[in-house]
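Trainee: what follows is a predicted protein model with its sequence.
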Amino acid sequence: MKECEIYSDLKIPCSSKIVVRADGRNFHRLARELALEKPYDKNFASIMTMVGIDIFQEFSPILVYIFSDEINILLGEIPFAGRVEKIDSVFSGFISSSFTHNLLMNNQDHEQLSGPISFDSRIVPLSTEMVVRYFQKRQSAAWRNCLNGYAYWTLRDEHSSQKAVQILRKLKIKDLNDLLFNKGIKISELPSWQRRGMGIYRRDVEVAGFNPVEQKNVISIRKKAFIDWKLPRFGSDFFEGLEKF
Ligand SMILES: Nc1nc2c(ncn2[C@@H]2O[C@H](COP(=O)(O)OP(=O)(O)OP(=O)(O)O)[C@@H](O)[C@H]2O)c(=O)[nH]1
Ligand SMILES: [Mg+2]
């Protein structure tokens, strides 16, 4: 029956980088089950970054970019000989499992969960020039998500969820800003990770060690995966500074 596995030979085009983008399935429900803080829950965001660290250790990507329940993984070296089905299935499986593992390790009561947690996954092949534009777009989505999230929960003080969504649809960015400002929320003063998302990438860190020959403590510089909670706005300079880009 091998001949029926018609997608198994599907491969990523040569000479492109790829982003694997994963998204939590039905996390609206999961947020309710875990009683996450609205619109942003730091503990949930932290668990998402732990998934990012697991991805870093397993697949050595250039960058992992996270906001809400979305994880973007920029890979320079394409794994599994570029086989699309293999990459998509392994990444979504790995991420679902890592998320559940980290959630439970962080004292989350598993009885709160109504069932298994899953992430979907898709592959986006990109030329090097398109990478910056791709991540700028995702960061704009993070910003929109932030505005909408605060505006939605502000409207929910007075309206049903259906009505709040209906009002939200009609509001332009300026109206959203005004709505939040009138409620005393200064959107530009919200934590950076809520407005711009979180990044994980390798950078130089100082590591303390002991030199047995010279019998003294030494500080050396190592590249280590680092969680950036205060990302800048994405631009070429950020990507040119990344290892392996
Ligand atoms: N309360 C709370 N909810 C969050 C947080 N981060 C993500 N979410 C929830 O996750 C959802 C993510 O949006 P979507 O991916 O569009 O919705 P989804 O329910 O996961 O639906 P599918 O991805 O289509 O399966 C948001 O609508 C929120 O309900 C958080 O920090 N706090
Ligand atoms: Mg989702």
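Mentor: Here it is on my side, so go on. Ligands and ions are numbered 1, 2, ... in the order given.
Trainee: strands of the chain, residue ranges please.
Mentor: Using DSSP state E, the strands of the chain run over residues 17-24, 63-67, 70-75, 119-126, 198-211, 216-228.
Trainee: quick one, which of these is nearest to ligand 1?
Mentor: Evaluated over those, closeness to ligand 1 peaks at strand 17-24, with 4.8 Å, by Cβ to the nearest ligand atom. C-beta here means a position set from N, CA and C on the backbone, and glycine is covered the same way.
Trainee: that older thread, any idea which of the strands of the chain is most buried?
Mentor: Neighbour counts (mean count of other Cβ atoms under 10 Å) averaged over each of the strands of the chain peak at strand 63-67, with a mean of 25.
Trainee: hang on, the earlier thing: can you lay out the strands of the chain as JSON lines showing mean pLDDT and distance to residue 169?
Mentor: Below are those laid out as JSON lines (pLDDT from 0 to 100; distance: least, Cβ to Cβ, whole Å):
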{"stretch": "strand 17-24", "mean pLDDT": "97", "distance to residue 169": "21"}
{"stretch": "strand 63-67", "mean pLDDT": "98", "distance to residue 169": "21"}
{"stretch": "strand 70-75", "mean pLDDT": "98", "distance to residue 169": "21"}
{"stretch": "strand 119-126", "mean pLDDT": "97", "distance to residue 169": "25"}
{"stretch": "strand 198-211", "mean pLDDT": "93", "distance to residue 169": "28"}
{"stretch": "strand 216-228", "mean pLDDT": "93", "distance to residue 169": "33"}
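Trainee: for stretch 89-109, buried residues please.
Mentor: Using 16 or more other Cβ atoms under 10 Å as the test for burial, stretch 89-109 gives 90-92, 94-100, 102-103, 108.
Trainee: what about the residues you listed, which are in helices?
Mentor: Using DSSP state H, 90-92, 94-100, 102-103 are the members of those that sit in helices.
Trainee: out of those residues, the closest to residue 139 would be?
Mentor: Distance to residue 139 across these (Cβ to Cβ) is lowest for residue 95, with 20.2 Å.
Trainee: now do the contacts for the closest one.
Mentor: Going by Cβ atoms under 8 Å, 6 or more residues apart in numbering, residue 95 touches 22, 51, 55, 71, 119, 121.
Trainee: let's see it at 7 Å
Mentor: By Cβ atoms under 7 Å, 6 or more residues apart in numbering, residue 95 lies in contact with 22, 51, 71, 119.
Trainee: surely residue 177 is in contact with residue 185?
Mentor: No. In this structure, residue 177 is not within contact of residue 185 by Cβ atoms under 7 Å, at 9.5 Å.
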